[in-house]
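**Q** Whatever this is, show me its structure:
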Amino acid sequence: MNVPRRILTINGSYRDGGVTDQTVDSVVESLRALGADVESIRLRDYPIEFCLNCRQCMQQPGEAPGQCVHDDGMAALVQKIEEADGYVLAAPTNFYSVTALFKRFLERLAVYGYWPWGKPAPVFRRAKLPKKPAVILSSCAAPGLLGRISDSTNKSLGKAAETIGAKVVGSMVTGLVSQQPKPHLTPHAHRRAEVLAERLVA
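**A** Numbers count the residues shown, from 1 in each chain. This next block holds a predicted model:
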């Protein structure tokens, strides 16, 4: 098995030790058992400002991400994204979509678009480059299949993957997470996490 040197996880959950944290941790444990080098980012602990929608980062030509007007942690995070060989993108469902934390991160991925003034639409800087693998993880109060169909969480996670030049090779939706105050992953979920880790490094 050709194991990528570096996997980056980006977790958009608000809650320490919740289902999303548990799921990410389970995938990370499996990845490390397979020999991967993993770095985990929790967006709740990361200094990222809101996108100003000024599009200055989108005026800079070329394949490299544009430079944002904000002087915050996003530049370092973009560098981590660039250096990674694969990704785990995760967020619980809040009101039918990703959390505001992940949405803020997603909007800051505007640096991966090229949209000069006068043009009708942007193009992805990574569109023509080889795709890196990504897995997406989400959770919801509804049954998993219903959440996958009715919520837009996975769509937003997938759009983040596409924007940074990744291809989704697997996903997991953990459902019915509101049945208990402190839910725990089932053995089935842990096995699914192992499968996703294997797909990510295959």
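**Q** distance of the residue of the chain most remote from its centre from Arg55?
**A** For the chain, the largest distance from the centre (C-alpha atoms, centre = their mean) belongs to Gly118, which lies 30.8 Å off. With distances taken as C-beta to C-beta, to the nearest Å, Gly118 is found 12 Å from Arg55. Just so you know, the C-beta spots here come from the backbone N, C-alpha and C atoms, and that holds for glycine as well.
**Q** now Pro61
**A** 14 Å.
**Q** When those two are compared, which one has more neighbours?
**A** Comparing Pro61 with Arg55 by other C-beta atoms under 10 Å, the one with more neighbours is Arg55, at 15 against 10.
**Q** list the contacts for that one?
**A** Ala110, Trp115, Trp117 (C-beta atoms under 8 Å, 6 or more residues apart in numbering).
**Q** Could you rerun that using 7 Å?
**A** Contacts for Arg55 (C-beta atoms under 7 Å, 6 or more residues apart in numbering) come out as Trp115.
**Q** Let me see the backbone angles for the residue positioned nearest the centre of the chain.
**A** In the chain, the residue lying closest to the centroid (C-alpha atoms, centre = their mean) is Leu89, at 2.4 Å. Phi and psi for Leu89, reported as degrees, to the nearest 10, are phi -110, psi 130.
**Q** Which strand residues bridge it?
**A** On DSSP bridges, the residues paired with Leu89 through beta bridges are Ile10, Ile136.
**Q** Quick check: it vs Val28, distance?
**A** From Leu89 to Val28 the distance is 13 Å (C-beta to C-beta).
**Q** In contact with the closest residue in space to Tyr87 that isn't next to it in sequence, which residues?
**A** Excluding its sequence neighbours, the residue lying closest to Tyr87 (C-beta to C-beta, 6 or more residues apart in numbering) is Ala134, at 4.1 Å. Counting by C-beta under 7 Å, 6+ apart, Ala134 touches Gly86, Tyr87, Leu89, Ala161, Ala166, Lys167, Val168, Val169.
**Q** The residues you listed into JSON lines, with extra columns for secondary structure, pLDDT and distance to Asn154?
**A** Listed next are those as JSON lines, based on DSSP: H, G, I helix; E, B strand; the rest coil; pLDDT from 0 to 100; distance: C-beta to C-beta, whole Å:
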{"residue": "Gly86", "secondary structure": "strand", "pLDDT": "97", "distance to Asn154": "18"}
{"residue": "Tyr87", "secondary structure": "strand", "pLDDT": "98", "distance to Asn154": "14"}
{"residue": "Leu89", "secondary structure": "strand", "pLDDT": "98", "distance to Asn154": "10"}
{"residue": "Ala161", "secondary structure": "helix", "pLDDT": "98", "distance to Asn154": "10"}
{"residue": "Ala166", "secondary structure": "strand", "pLDDT": "97", "distance to Asn154": "14"}
{"residue": "Lys167", "secondary structure": "strand", "pLDDT": "97", "distance to Asn154": "14"}
{"residue": "Val168", "secondary structure": "strand", "pLDDT": "98", "distance to Asn154": "9"}
{"residue": "Val169", "secondary structure": "strand", "pLDDT": "97", "distance to Asn154": "14"}
